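In: coords please:
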Amino acid sequence: MDPDVSFVIAAYNADLTIERAVRSALAQQGVGVEVVVVDDRSQDFTVDVVRSLGDDRIRLVALPENRGPGGARNAGLRASKGRWIAILDADDAVHPERMWRLIARAERSGASIVVDNVEVARDAERDCRLMFSPSALGRMPELSLADFIDGNLLFKSKFNFGYMKPVFNRRFLEANSLVYDETLRIGEDYLLLASALAKGGFCAVEPETGYTYHITEGSISRVLEYRHVEDMIAADAAFLRTYRLDPAAQAAFDRRARSLEDAAAFLELVRHIKDRAPLKALAAALRNPAAIGHLRMPIAKRLGVDRLKAAFASIFPVSNTRPA
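Out: Numbers count the residues shown, from 1 in each chain. Below is the predicted model of the structure:
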């Protein structure tokens, strides 16, 4: 008998966290589960840790070459047998009641997709808090395409709807040939859910918390580079060529496009500042003054430009720029 849920975990050099993720998936209450771990050609002991867990509900897929998060997850989708597909990152965890609650919510509303609230755990600080207001999510029984795109504007908020980990009905994914874009290293989650919504998928919203997002230093999702934004811009252009959007979704898409352009300009500016190329930095700022505004945001600190702000401000004061 096929399980109710297939957890797909793409893992790369995750030997310190993979056991926590797998055990949290296996601990689901009230549903049958399988855990498909796809090792993306790790260079550490990830495979050994998974094999040592000794549970026949775990299936290990070891890729012969590194394919990135999208490629690894696609391999997991192909190997999955569950009615529902739940994506779980190798350094995160899920609450034990999450899947029965989400499946119940989806089946009550006839949804093919369902999302829930996210708990943010900062491992270094031992701090844990909710990503979204439960009352706000409670007023949102459905996540529309327009709301989802609008909730994925870069640098506009600390967290956005792209951090949600949707659970998909497997037949819906297969019927619509929906898979991850393997060219993206960041943003592949966003594109899959946006495509599912553009295909007419109904996404129910569960305001209770079921997913724990662990923030650890060096995680790829926390280190945004210029090339990542370039890839996202190209992927969004392909998305727009593929789907016809209603006016609300189109307006949200336009806002996201501007945010991506501003983010690319900011990261180009950061690169020139770090390279101590003031003329190139000034040229980048003049092309898109919004880039300078981002120097005031927490993302600038994460990218290590704090000590360079003052030097650049003497050339092009931040206070004279328009808000991002």
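In: what's the spacing between Met131 and Arg258?
Out: 24 Å (Cβ to Cβ, to the nearest Å). Bear in mind the C-beta positions are built from the backbone N, C-alpha and C, glycine included.
In: my bad, Leu63
Out: 37 Å.
In: Could you do Asp55 as well?
Out: To Arg258, Asp55 is 47 Å away according to Cβ to Cβ.
In: Show me which of these two is the more surrounded one.
Out: Arg258 (14 against 11; other Cβ atoms under 10 Å).
In: show me the contacts for Pro96.
Out: Ser24, Ala27, Gln28, Gln29 (Cβ atoms under 8 Å, 6 or more residues apart in numbering).
In: make it 10 Å
Out: Neighbour list for Pro96: Ser24, Ala25, Leu26, Ala27, Gln28, Gln29, Gly30, Gly210 [criterion: Cβ atoms under 10 Å, 6 or more residues apart in numbering].
In: Most neighbours of all these, which one?
Out: Ala25 leads the contacts of Pro96 on contacts (other Cβ under 10 Å) with 27 neighbours.
In: That one in helix, strand or coil?
Out: Here Ala25 is helix, with the state taken from DSSP: H, G, I helix; E, B strand; the rest coil.
In: does it really touch Gly82, like I thought?
Out: No - counting by Cβ atoms under 10 Å, Ala25 does not reach Gly82; the two are 11.2 Å apart.
In: After the host helix or strand of Thr212, which helix or strand is next? Please name it.
Out: Thr212 belongs to strand 203-215 when elements are defined using DSSP states H and E. As assigned by DSSP H and E, the chain's next helix or strand after strand 203-215 is helix 226-242.
In: returning to what we had before: and the strand holding Thr212, what's buried?
Out: Under the neighbour-count criterion of 16 or more other Cβ atoms under 10 Å, strand 203-215 has Cys203, Ala204, Val205, Glu206, Pro207, Thr209, Gly210, Tyr211, Thr212, Tyr213, His214, Ile215 buried.
In: Now do it, average pLDDT.
Out: The average pLDDT for strand 203-215 rounds to 96.
In: Surely Ala264 forms part of a strand?
Out: No - counting by three-state DSSP, Ala264 is located in no strand; its state is helix.
In: Wait, it touches Glu230, no?
Out: Yes - using Cβ under 10 Å, Ala264 is in contact with Glu230, at 6.5 Å.
In: Of these two, give the one with the bigger neighbour count.
Out: Between Ala264 and Glu230, counting by other Cβ under 10 Å, Ala264 is the more crowded of the two (21 against 14).
In: where's that one relative to Ala234, distance?
Out: Distance from Ala264 to Ala234, by Cβ to Cβ: 11 Å.
In: Which pLDDT value goes with Asn160?
Out: Asn160 is assigned a pLDDT of 84 by the prediction.
In: ditto for Gly293
Out: pLDDT at Gly293 comes out at 61.
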